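[1] quick one, what's the 3D model for this:
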Amino acid sequence: MGLIFRYLREHWWLAAGALVLAAINQISSMAEPFIFRRIIDGYLIPSRHQSEREFALGAGLWLAAMVAATTIAWAAKTLQLSRVGQISQKVAATMFADGVRHALEMPYAEFEHTRSGEMLDQLQKLRWKVEQLIGSTINELFISLVGVVFVLVYAASVHWVIALYMAVVAILMIALSIALSRTLKRVQADVFREGTALAGAATETIRNIEFVKSQGLAQREISRLHDSSGRILAFELEGIRRVRRFSFFHGGCVQTMRLSLIVLLLYFLYMRWISAGQFFALYLYSRCLFVPLQQVGSAIQEYRSTEASLGAFRVLLDRPKESRPARPVRVDKLRSIEFDDVQFQYAAALRPALTGLSFSVVRGETIAFVGPSGAGKSTIVKLLCGLYTPQRGRILYNGISQGKISLDELRERIGLVTQETQLFSGSIRQNLQFVRPGASDAECLVALEQASAQSLLKRTGQGLDTLIGEGGLRLSGGERQRIAIARALLRQPHVVIFDEATSSLDSLTEKDISATIRALTGRSDAITILVAHRLSTVSRADVIYVLDHGMIVQSGSQADLVAAGGLYRDMWLQQVNGDGESHPES
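    Numbering: from 1, shown residues only. Alright, predicted model coming up:
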């Protein structure tokens, strides 16, 4: 609960108002037994000593007080429910937003073993359960505790033995509720764990629906998800059984204690230690004591079901954020990038992905990285974008170490086109403006023209309003890649990176996209970095770096590398023979 209280402090005025209104509501609604006691003891029992007028006037005033108390209770409850609704939604929304914000600020490496669907499901469950918990805590638990205190105070004014008995009963029942609820904790944790795993698996299946359906795997996935759902159902049924046992035992204890209190009150009435009115009032208040004690048990059960979500949220908040310099050095126009003896190794890898990597590039130049799979090409891109930090060496931007600049500011100056095109559901305009919300339609059209994507707009007839489906499912692979190129260019980046941008395309589309990329290289206002398997894509680069096992084994222009022999020439000959070409591009 400490985590929730931390968020409640931000809305303390709403919380205080809700608690005051809840107290007014409960105390006013509990005035009825007290008023009946005053009427019975003051006007009914000694009625032979009063005139009819005196009885009507006295009893009428108390009844008017009852009406006023009922009206106050109704008004306070209406305002209370409104305040509780506001505070529960605000706290839950703030916690959800903080969870999303923290996730987005975590280092990229934290997502290597995390399913995005699981994380989102955890945050959604947290939001829903926190709303319920805050509502039940104020509307049930706090009101119940106010009722218990009110009854104990009134009982103490009647006879201290009755008050002592009620206090002991209340403490025992609350302790019993807490003890019994612990048996639900493990079941709730199992339900939460399996539920988030199912959400993650279902999200992955739906995200890859094209592959699943095209491979005839839909029924298998349905069976797999059904099995997971069955495990969750088993845990939930076990939880229901335990809740029923809890409710049966807890309710039986409550009724036993209430009957014993009534016996005690009858004995006190027989002994003339309390009046008939006091007996009647305490009899009614016994419900105001034991019903709230049952609600305390329900509120504790609600907390147990929320514990797993709060625990996962706490774990999320404890995960490290991306390191940021206290006083970052501002980088305006990127003029140069330098890798100085960089070494990097993935956490689960047995050997470094990059070793002793050194190179430099300045504005207006185009460099390229080629090499066999696993040579470290994509790792260089991740390091360039600040997604990883090298274990040794330095990465310099305008001569400034990467650790001294704001990574967010740096990334805003990079236009990145990856092998797996990542588009969003919506229109072409929305996808382009995702990286630059203020871009005009004219600027979007210029970017599309630079990416040779005008044919897409003409084909649909809807222009920038063309809907592309989730992940661009309505587009071909080449069209998706052209949209990605246009999106990168729309940023007017200082660094343009093409990371295997053609490797997942068919040969004809690959040649078209490669031609577009070659037309964009050598821009005088930007640094261009190419990563490719296809050597025709990088033929016009000023310097080509050949990687093997994380090290630069060759560098130079394409003509020089072909003439020099070695790994690049072997790769070039293999592709020339495969493509039917007879000479390198220059």
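[2] out of everything not next to it in sequence, what's closest to residue 169?
    residue 257 (4.9 Å; Cβ to Cβ, 6 or more residues apart in numbering). Heads up, the C-betas are built off the backbone N, CA and C, glycines and all.
[3] tell me what the stretch of helix or strand residue 546 belongs to is packed against?
    Using DSSP states H and E, residue 546 maps to strand 543-548. Applying 3 or more Cβ pairs under 8 Å, 6 or more residues apart in numbering; DSSP states H and E, one finds that strand 543-548 contacts strand 354-362, strand 366-370, strand 551-556, helix 558-564, helix 567-579.
[4] ok so, going back, for the residue nearest to residue 169, list the residues it contacts.
    169, 172, 173, 290 (Cβ atoms under 8 Å, 6 or more residues apart in numbering).
[5] does the third one touch residue 254 like I think?
    Translated: residue 173. Yes - in this structure, residue 173 is within contact of residue 254 by Cβ atoms under 8 Å, at 6.6 Å.
[6] and residue 329, how close does it get to residue 412?
    15 Å (Cβ to Cβ, to the nearest Å).
[7] just the pLDDT for the residue most central in space within the chain.
    Residue closest to the mean C-alpha point of the chain, counted by Cα atoms, centre = their mean, is residue 123 at 3.8 Å. If you check residue 123, the pLDDT there is 83.
[8] ok, now residue 177?
    On the pLDDT scale, residue 177 gets 72.
[9] one step back: with mean neighbour count, distance to residue 537 and mean pLDDT added, can I get the helices and strands packed on strand 543-548 in JSON lines?
    Below are the helices and strands packed on strand 543-548 laid out as JSON lines (neighbours: other Cβ atoms under 10 Å; distance: least, Cβ to Cβ, whole Å; pLDDT from 0 to 100):
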{"stretch": "strand 354-362", "mean neighbour count": "18", "distance to residue 537": "17", "mean pLDDT": "93"}
{"stretch": "strand 366-370", "mean neighbour count": "24", "distance to residue 537": "8", "mean pLDDT": "91"}
{"stretch": "strand 551-556", "mean neighbour count": "17", "distance to residue 537": "17", "mean pLDDT": "92"}
{"stretch": "helix 558-564", "mean neighbour count": "16", "distance to residue 537": "11", "mean pLDDT": "89"}
{"stretch": "helix 567-579", "mean neighbour count": "15", "distance to residue 537": "11", "mean pLDDT": "80"}
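[10] filter the contacts of residue 257 down to just the buried residues.
    With burial judged by 16 or more other Cβ atoms under 10 Å, the buried subset of the contacts of residue 257 is 169, 173, 290.
[11] could you list the low-pLDDT ranges of the stretch 401-550 of the chain?
    Within the stretch 401-550 of the chain, the set of residues satisfying pLDDT under 70 comprises 460, 502-514, 518-520, 522-523.
[12] ok, the residue nearest to residue 169 to residue 227 distance?
    45 Å.
[13] circling back to that earlier point, got CSV for the helices and strands packed on strand 543-548, with distance to residue 515 too?
    Output for the helices and strands packed on strand 543-548, formatted as CSV (distance: least, Cβ to Cβ, whole Å):
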stretch, distance to residue 515
strand 354-362, 23
strand 366-370, 15
strand 551-556, 23
helix 558-564, 16
helix 567-579, 14
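[14] how about the residue nearest to the centre of the chain: what's its closest non-neighbour residue?
    Nearest to residue 123 is residue 99, by Cβ to Cβ, 6+ apart, at 4.5 Å.
[15] let me know the average pLDDT across the host helix or strand of that neighbour.
    Here residue 99, judged by DSSP H and E, is contained in helix 52-105. The average pLDDT within helix 52-105 is 85.
[16] do stretch 315-331 as well
    Per-residue scores along stretch 315-331 average to 85.
[17] quick one: contacts of that stretch?
    Contacting residues not belonging to stretch 315-331 are listed as 98-99, 102-103, 105-107, 110, 119, 122, 389, 397-398, 400, 403-407, 409-410, 413 [Cβ under 8 Å, 6+ apart].
[18] any low-confidence regions in the stretch 251-400 of the chain?
    251, 293-298, 301.
[19] can you give me the neighbour number for the nearest residue to residue 275 once chain neighbours are set aside?
    Leaving aside its sequence neighbours, residue 275 sits nearest to residue 41 (Cβ to Cβ, 6+ apart; 5.1 Å). For residue 41, the count of nearby residues is 16 (other Cβ atoms under 10 Å).
[20] and residue 41, what is it in contact with?
    275, 276, 277, 278.
[21] which of these fall in helices?
    Among the contacts of residue 41, the ones falling in helices (DSSP state H) are 276, 277, 278.
[22] contact partners for the second one?
    It refers to residue 277. By Cβ under 8 Å, 6+ apart, the neighbours of residue 277 are 36, 37, 38, 39, 40, 41, 42, 45.
[23] got a PyMOL select line for the buried ones in the residues you listed?
    Applying 16+ other Cβ under 10 Å to these leaves a buried subset, and the PyMOL line that selects it is:
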select buried, resi 36+37+38+39+40+41+42
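[24] return the subset of the contacts of residue 277 lying in helices.
    Among those, DSSP H puts 36, 37, 38, 39 in helices.
[25] what's the spacing between the first one and residue 283?
    Meaning residue 36. According to Cβ to Cβ, residue 36 stands 10 Å off from residue 283.
[26] cool, residue 333 as well?
    Residue 333 is 84 Å from residue 283, where distance means Cβ to Cβ.
[27] which one's more surrounded, the two?
    For the pair residue 333 and residue 283, the greater number of neighbours falls to residue 283 (16 against 10), based on other Cβ under 10 Å.
[28] domain-wise, how is the chain divided?
    Following automatic domain parsing, one finds the domains of the chain at 2-318, 331-413+540-581.
[29] closest to residue 471 out of the ones you listed?
    For those, proximity to residue 471 was assessed by Cβ to Cβ; domain 2-318 is nearest, at 7.4 Å.
[30] can you measure across that closest one, start residue to end residue?
    Distance between the two ends of domain 2-318: 15 Å, counting by Cα to Cα, to the nearest Å.
[31] quick check, distance from it to the centre of its chain.
    Between the centre of domain 2-318 and the centre of its chain there are 25 Å (Cα atoms, centre = their mean, to the nearest Å).
[32] over to stretch 440-460?
    Put simply, stretch 440-460 sits 35 Å off its chain's centre (Cα atoms, centre = their mean).
[33] mind listing the strands for the stretch 301-450 of the chain?
    Here the stretch 301-450 of the chain has its strands, by DSSP state E, counting those that start in this stretch, at 336-344, 354-362, 366-370, 392-397, 400-401, 414-417.
[34] right, and these - which one's nearest residue 89?
    Among the strands of the stretch 301-450 of the chain, strand 414-417 comes nearest to residue 89, with 37.6 Å by Cβ to Cβ.
[35] grab the CA positions of the closest one and hand them over as CSV.
    C-alpha atoms of strand 414-417 as CSV (Å, rounded to 0.1, in the frame of the first residue of the first chain):
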residue,chain,number,x,y,z
ILE,A,414,19.2,10.6,-37.1
GLY,A,415,17.1,9.2,-39.9
LEU,A,416,17.0,5.4,-39.7
VAL,A,417,15.7,2.9,-42.2
